[in-house]
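Visitor: Fold the following for me, if possible:
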Amino acid sequence: MRRILPLIFLLAVSSFGYIRLTTSGTPPVPIQRVDNTGIQFYLNSLIVAGATSSQTGGGSMTVISANSNPVVAARAAIATWNAVSTANVNFLPLKITQTPNIQHAEDGLMVVTIAYAADDVSAVGQALAFTVNEYAAATGTNPYVPGQTVVNGDILDSDILLNPAVQFSTDGSTSFDLQAVLTHEFGHALSANHTGVLGATMFQAPTPGTIARILSADDLSFVNSVYPAPSGAQTFGTISGTVTLSGSPVPYALLSFTDPAQGINIGGLAAANGTYSIQVPPGSYTTYAEPFGSVVQPGNLYFTVTQAAQTTTFQSTLLASPVVVAANSTTSASVAVAPGSTNITSLFYAFGGAGKTGDFSGILHSIVGPVLIPSGQSLDLLLTSPGMTSLTGLSIALTGKGIAVGAPRLDTTTLTGGQPIFRVTLTLASLTAPAPSNLFITQGSNTLSHTGAFVIVPPTPVISAAGLVSAVSDLTGVVGSGTVSPGEYVTLYGSGVAPATGPYAGIGYTNTGYVLGYLPQNLGGTSVTFNGVQAPVFFTGGGTQVNLQVPFEIANHQTAQVIASFGGSASAPITVPVVAQHPALFTFPANTNAYTANQDGSINTSTNAAARGSYITVVGTGIGLPSYTGIPYPIQTGGPAPAPPTADLNANGYTCTIGGVTAPVAFTGWYTGFAAEAEWIVQIPASLSATGAVPIQFSTGGVSTQSDLTVFIK
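Guide: Reported below is the predicted structural model:
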């Protein structure tokens, strides 16, 4: 028997599984993947830049923005889950299919597609996307894998439907980041439900910027617990207990477990009988239970009407002492919640200068999702609510890594009707990774909590045009510092742009983004965009350096706006000139010798010089988009260069001199099978008289490679 689980009308339970998706049977059973070591997803071929849909009732609408790269975004989303080395999860390299698939297509083909069929559009509703899991309802044989035995709850098929009424992008041109959405939906395909932690990838609403692309401790604990790796698995302890109100169990209470020292913030959910049991890394946890509210509602966790009716109103209740958890042991932590409903509702916030007053700008925001705050600074958090009336008995706590909170005080400004504004000074230590923090407010008998309301991210990166140079020996080039060309290999230097404890090298990775030659867009928490398009990253390290490929998407632009992000914290944009070509040559074995292969494929050195009349291949970067006249050249940002059309094996406008003598250029193009590397194939003139280290230079359209490099001639 098989059942379709379209993320509606299902039970959510918490038993060593965080907030999991479950079967609809009695009792409910958490679902899980049977193919967790080889999950094959397909991307529908219609999901391309500029994709449109006419299923919105208002005519054709663009679903994917014109400059987006959905294939790269899907690969990056898959790589995010594959990168969890302590979990036994492996998505296979993404494939493309022309099969659109539909919600009820029980075919074992797992497809990401735009919702085209009417029932699919109806099923997606107001959601950004919609994951449909088909699972086994009893022990039997997998209908899609001959001879494979499956049990109740084993996932057999998953499809992801994008809302055709939403405009997605990968370049920041719309509010809905496709990579973040797909990272979230692949989490559903792994059996994760939504979470009560606002700053986690599995939170139900989009997170500002690209922070949702980065798995939080809550997301990591889910996948590590459900799919532990055979070796190198995450070590866990267990917290279990019962949530009660006046001695009676509280069904479906939300739970929060926070270890500020480690920056861990994990959410849980009590079962229908008020009990819970959850695995967490060893540590000391601040623990509380909270009711559903305006931000996290029963519907966000796909409760049935019956389940939603069982939820109870009570005050958020914090355990007096931290819960200490040791590895491979269980700690009991029952919570007796306080009765009643809180008067602290409709909470609004703003920020001001540390220790100041009266600098309130008049703009207050409601908390409906996570708020990002760069670390390494002091600032004031301003809060107001109709239920917060005075300083008497008022406590404002922000629990998280590296956070010190001052005593609450009144601002000199009040709102209409005399509503006071309260301030606390936050002193935030510098972090190297994002860490959600919990807001917990108490005044008298009233409490309010928001789990993961503020995500403390690394300090704001600082970059400049002068720090963006060709990665070839840090060459700035004859056309100026900060100048870039499409597809070029460059280095970005700045403050706070990379992990301090690197290096992280992108080349050679398999499960973290370098799949079939494709480079990751996020490496070690670092990402860089050019006009909103994410750049493939080769290397990050030392806190100050990122090696990357300039996206081909900036071709035909006069300038590019560059933004560097680390751990979800984004720099101010800089604007740099864009030129068609910015050629430069790699050097080896010394900084004065061009990286060259002789005609037989051996490396050109002083003891292995090239003969006159032979062909050599010189490697570099910065040739832009070659002007091939044959079939369209399908080179892709971050991908290995394909072989050029046979009819266009030519110099592409380049000339060469070796020792001052003109040398015939046979071919110029991107190096087949590599990203961001170009090659020039040139014949050494037979008339050349010079031997030893002889100068070599390539030129085109007024730009040239370095003038001080040599090649060895015998």
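Visitor: Do I have it right that Tyr349 meets Leu364?
Guide: Yes - under the criterion of Cβ atoms under 8 Å, Tyr349 is in contact with Leu364, at a separation of 6.7 Å. For the C-beta atoms, the positions are set from N, CA and C on the backbone; glycine is no exception.
Visitor: Compare these two and say which one has the larger neighbour count.
Guide: Taking neighbours as other Cβ atoms under 10 Å, Tyr349 and Leu364 compare with Tyr349 leading, 19 against 15.
Visitor: list the contacts for the more buried one?
Guide: Leu364, His365, Ser366, Ile367, Val371, Leu381, Leu382, Leu383 (Cβ atoms under 8 Å, 6 or more residues apart in numbering).
Visitor: Equivalent analysis for Gly267, please.
Guide: Contacts of Gly267 by Cβ under 8 Å, 6+ apart are 18-19, 195-197, 200, 218, 254-257, 451-452.
Visitor: hmm, 10 Å instead?
Guide: 14, 18-19, 194-198, 200, 202-203, 216-218, 221-222, 254-258, 278, 290, 296, 436, 438, 451-452 (Cβ atoms under 10 Å, 6 or more residues apart in numbering).
Visitor: Distance-wise, check it relative to Pro436.
Guide: Distance of Gly267 to Pro436, given as Cβ to Cβ, to the nearest Å: 10 Å.
Visitor: Now for the two: what residues contact both?
Guide: Counting by Cβ under 10 Å, 6+ apart, the contacts common to Gly267 and Pro436 are Val197, Leu198, Ala200, Phe203, Ser216, Ala217, Asp218, Ser256, Thr258, Thr451, Gly452.
Visitor: Domains of this protein: list them as residue ranges, please.
Guide: The chain breaks down into these domains under automatic domain parsing: 31-191, 348-457, 462-577, 584-713.
Visitor: Count the neighbours of the closest residue to Val325 other than its chain neighbours for me.
Guide: If the residues on either side of it in the chain are set aside, Val325 comes closest to Gly237, at 3.7 Å by Cβ to Cβ, 6 or more residues apart in numbering. Counted with other Cβ under 10 Å, residues neighbouring Gly237 total 20.
Visitor: So that it lines up with my notes, have the first residue be 298 from now on.
Guide: OK, 298 is where the count begins now, so the last one is Gly534.
Visitor: Next, find the distance separating Gly534 from Thr696.
Guide: Taking Cβ to Cβ as the measure, Gly534 falls 20 Å from Thr696.
Visitor: what does Phe465 give?
Guide: Taken as Cβ to Cβ, the span from Phe465 to Thr696 is 34 Å.
Visitor: more neighbours, the two?
Guide: Between Phe465 and Thr696, counting by other Cβ under 10 Å, Phe465 is the more crowded of the two (28 against 22).
Visitor: residues contacting that one?
Guide: Contacts for Phe465 (Cβ under 10 Å, 6+ apart) come out as 344, 348, 359-362, 365, 367, 370, 411, 425-426, 459, 471-479.
Visitor: Buried subset of those, written for ChimeraX?
Guide: What follows is the ChimeraX syntax for the buried subset of the contacts of Phe465, where burial is set by 16 or more other Cβ atoms under 10 Å:
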select :344,348,360,361,362,365,367,370,411,425,426,459,471,473,474,475,476,477,478,479
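Visitor: Could you tell me which of the contacts of Phe465 are located in strands?
Guide: If you go by DSSP state E, these have Thr359, Ile411, Ala426, Leu459, Phe473, Asp474 in strands.
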